[in-house]
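**Student:** Test case, fold it:
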Amino acid sequence: MEEYILGIDVGTTSMKTAVFSHVGKKLADAVVEYDLLTPETNFVEMPCEAYLEAIKKGMEIIALEKGVDTKRVTTVGFSVQGETFVLLDEEGKPLKNAVVWMDNRAGREAEILRGRFGDELCYEVTGQVSFEACWPAAKLLWVRENEPDIWARVRHILLLEDYIIYLLTGMFVAEGSLLTSSEYWDIRTKKYWPEMLEFLGVSETWLPEIRESGEVVGRILPEMAEALRISPETQICTGCLDQAAGAIGVGNIRPGIFSENIGAALAICVPTKKLIYDPNRQMPVHYFALPDTYMMHTFTTGGMCLRWFRDGFCQEEVQMQERTGLDSYFLMDKEAEQVPPGSDGLLMLPHLQGSMAPDVNLNAKAVFYGMTLKHRKPHFIRSIMESLGYVICRNLEAIDAMGLEVEQIRTMGGGSKADLWNQIKADITGKPLNVTYSAQDTACLGAAILAGYATGVFQSVQEAVESMVSIRKTFEPNMKKHTLYRKQYKKWCMLFRSLRELYDLDAI
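**Tutor:** Predicted structure coming up:
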C-alpha cells in the first residue's frame, strides 16, 4: 500500500493541509480559515485550540469530501508562522491565547531590552537588526510585567510549531528557523542566549529541546492519529519557518534566487551558505531549514492590504463572487488592468501593521498619496499591487548592498495567482520572475520534502527539489515600464522617509 506525506502550513489567518505521494504528487488539500482576535489596540491573539481544530477540519475535508485515504499518511511535516507563541502551565495547558506575530503591545519592553543589551549586540547574537515589540522576547517581558498571575504559572514557552508538535507527540521540541526571531536564541552557537533568559526571568527548563529541521521527533499519539484520521504509525517531524518551507517548495535552496511570498504578509527569502551580517544593519539574518545554512529574511503586511481593501471597498466584487463564483480578487485584477503603470501618480505605503526590515518602524502607517479627481477604485487596487512591488525592490537593494547577487525571483502564495501582479513585480524590480507549478502549495510541499527527507523517503533535500519543483511560467521585465517604475519607486522611498517625524508623533 502506497504511503503518503502530510504537509501542514500554519498560516496567520488560515491553516492549509495537503497530502502528497512519495513522488511529490499532491493528492488533495484543504484550507480552513480562522479569525484573529484584537481585544485592544496593538493586541493580536488566537485561541490556542483553534489551530488543532483547523488541522482536524482540514483532514476531515480531505478524507470525506475529497476521498483521500488519509490512513495512508505515515509522515507529517510543518510550515509555521514565526514569532507566535504559547504559554503552558505545569500540566501542559495554555495559560492564555496564543500571542500572534503581528501583536505590537510590547513597545515599552522592547525599549527596555534595547537599553539593557543594545541593538548592535542583538544583531550579533540573534541576527535580528533590533529589539522590537513584535519579537517574542519583548512580549515575554510584557507578560511578566503586566500579567504576573499568569507568569507565575508558566512552565513551558513554546513557539507555534513547538506547540503543535507537543499536541501531536507530547514532546517539547523546537528548531532554529523559528527560534531565530525569538531574540532569546543565539544564531552563532545554536543554543539559547543565557544572558537574555536571565534578564527575562526565564528558566531554560521552560524551553524545548533544540533540533534541526527535517528530523523525526517521534510517533504520533494514538488519540491524535484518530482525531486526524491518519495512521497510528505516523512519524511527526520537525518542520521550519513558513518562508523557509516556501523557499524549499519553489526550489530556492541555492544562492542567486530570491523568493517572495504575498500571503497575509509579504515575506522574502535569500539563502546563504554562511552566516553573513548586513554592514548597514538593515537586513536580518535567519537560520535556514538546512543544517548550518542561513537566509536573509524579512516581512511586512502584504496580501492583507488587498484583503483589507476588498473587505472595505469592494462589496460589489464580493457579491458578484457569491452570485457567479468568479473570484473577487480576479475581478479586482481585471479592474487594475485598466490602469497604466504607475497608477497615474497614486502611491501607497502598505504599512497597515508597521514597517519591518530593511526600514523598521513599528509606528509606520499605511498611506495613499497623490490622489486627484482622476483616481477611481481601479487606481487604488493597482497602487496596492505596485506598493508591494516597491517593498520587494527595497529588499533587493538591501540584499545587493550585502554583496549577495540575485539572478531571478521565484514567487509563491496568493499573490502569485495574478499574472498582472507578477508582471508588475518583474517590471518594478527589473528581474525575471518565475512561477512554479507548486506556487500555491509551496509551504506544504516544502514541509513534506523535509519530512520525507527525515524519514528516508528522499536521500537529500536537493534530490527532492530537483524531481518535484519545476517552473510553469516566466515573467520577463518590460524595461520601458521598469524605467517609469524607477521614478515612482524613488518617490515612494522619499514618501516613507518624509513621514518618519509624523510617525514618531503618533507614538507619543
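**Student:** same question for stretch 447-460, mean pLDDT?
**Tutor:** What stretch 447-460 shows for mean pLDDT is 94.
**Student:** Please provide the alpha-carbon coordinates for that stretch, formatted as PDB.
**Tutor:** Provided in PDB are the C-alpha atoms of stretch 447-460 (Å, rounded to 0.1, in the frame of the first residue of the first chain):
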ATOM      1  CA  ALA A 447       7.200  20.800   4.800                       C
ATOM      2  CA  ALA A 448       6.600  17.500   3.000                       C
ATOM      3  CA  ILE A 449      10.000  17.500   1.400                       C
ATOM      4  CA  LEU A 450      11.700  18.000   4.800                       C
ATOM      5  CA  ALA A 451       9.500  15.300   6.500                       C
ATOM      6  CA  GLY A 452      10.200  12.900   3.600                       C
ATOM      7  CA  TYR A 453      13.900  13.500   4.000                       C
ATOM      8  CA  ALA A 454      13.700  13.000   7.800                       C
ATOM      9  CA  THR A 455      12.100   9.600   7.300                       C
ATOM     10  CA  GLY A 456      14.300   8.400   4.400                       C
ATOM     11  CA  VAL A 457      11.800   8.800   1.600                       C
ATOM     12  CA  PHE A 458      14.300  11.200  -0.100                       C
ATOM     13  CA  GLN A 459      18.100  10.900   0.100                       C
ATOM     14  CA  SER A 460      18.500  14.600   0.200                       C
END
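**Student:** How about residues contacting that stretch?
**Tutor:** Contacts to stretch 447-460, defined as Cβ atoms under 8 Å, 6 or more residues apart in numbering, come from residues 5-9, 18, 20, 22, 24, 74-79, 213-216, 235, 237-240, 245, 248-249, 289, 461, 464-465, 468. Placement of C-beta: from N, CA and C, glycine included.
**Student:** Could you tell me which of those residues belong to strands?
**Tutor:** Using DSSP state E, the members of these that fall within strands are 5-9, 18, 20, 74-79, 216, 235, 237, 240.
**Student:** show me where the stretch 101-250 of the chain has strands.
**Tutor:** 156-159, 173-175, 185-186, 191-192, 209-211, 216-219, 235-237, 240-241 (DSSP state E, counting those that start in this stretch).
**Student:** Dump the ones you listed to CSV, plus distance to residue 320.
**Tutor:** What follows is the strands of the stretch 101-250 of the chain, written out as CSV (distance: least, Cβ to Cβ, whole Å):
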stretch, distance to residue 320
strand 156-159, 40
strand 173-175, 44
strand 185-186, 48
strand 191-192, 52
strand 209-211, 48
strand 216-219, 46
strand 235-237, 43
strand 240-241, 37
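**Student:** highest average neighbour count across those?
**Tutor:** For these, average neighbour numbers computed from mean count of other Cβ atoms under 10 Å are highest in strand 240-241, which has a mean of 32.
**Student:** Roughly how far does residue 318 sit from residue 395?
**Tutor:** According to Cβ to Cβ, to the nearest Å, residue 318 and residue 395 sit 31 Å apart.
**Student:** Which of the two has more residues huddled nearby?
**Tutor:** Legend: neighbour count by other Cβ atoms under 10 Å for residue 318 and residue 395, higher for residue 395 (30 against 14).
**Student:** give the contact list for the more buried one.
**Tutor:** Contacts were defined as Cβ under 8 Å, 6+ apart; by that measure residue 395 touches 268, 283, 298, 358.
**Student:** Which of these ranks first by neighbour count?
**Tutor:** Neighbour max across these (other Cβ under 10 Å) = residue 298, 28 neighbours.
**Student:** Just list whatever residues bridge to it.
**Tutor:** Per DSSP bridges, the residues bridged to residue 298 are residue 268.
**Student:** OK, contacts around it?
**Tutor:** Neighbours of residue 298 in contact, by Cβ under 8 Å, 6+ apart: 267, 268, 283, 284, 356, 357, 358, 395.
**Student:** same thing but 7 Å
**Tutor:** 268, 283, 284, 356, 357, 358, 395 (Cβ atoms under 7 Å, 6 or more residues apart in numbering).
**Student:** Export the residues you listed to CSV and append columns for pLDDT and distance to residue 32.
**Tutor:** Output for the contacts of residue 298, formatted as CSV (pLDDT from 0 to 100; distance: Cβ to Cβ, whole Å):
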residue, pLDDT, distance to residue 32
268, 88, 26
283, 88, 34
284, 91, 30
356, 81, 27
357, 80, 31
358, 88, 34
395, 93, 30
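**Student:** I'd like to know which of those residues are part of helices.
**Tutor:** If you go by DSSP state H, these have residue 395 in helices.
**Student:** Which ones among the contacts of residue 298 lie within strands?
**Tutor:** Counted as lying in strands by DSSP E, out of these, are residue 268.
**Student:** Out of the contacts of residue 298, which is nearest to residue 117?
**Tutor:** residue 284 (15.9 Å; Cβ to Cβ).
**Student:** Surely that closest one and residue 357 touch.
**Tutor:** Yes. The pair residue 284 and residue 357 passes the contact test of Cβ atoms under 7 Å, sitting 5.3 Å apart.
**Student:** and the contacts of stretch 447-460, which are buried?
**Tutor:** 5-9, 18, 20, 22, 24, 74-79, 213-215, 235, 237-240, 245, 248-249, 289, 461, 464-465, 468 (16 or more other Cβ atoms under 10 Å).
**Student:** give me the number of residues near residue 223?
**Tutor:** Using other Cβ under 10 Å, residue 223 is surrounded by 10 other residues.
**Student:** any idea how far residue 89 is from it?
**Tutor:** 20 Å.
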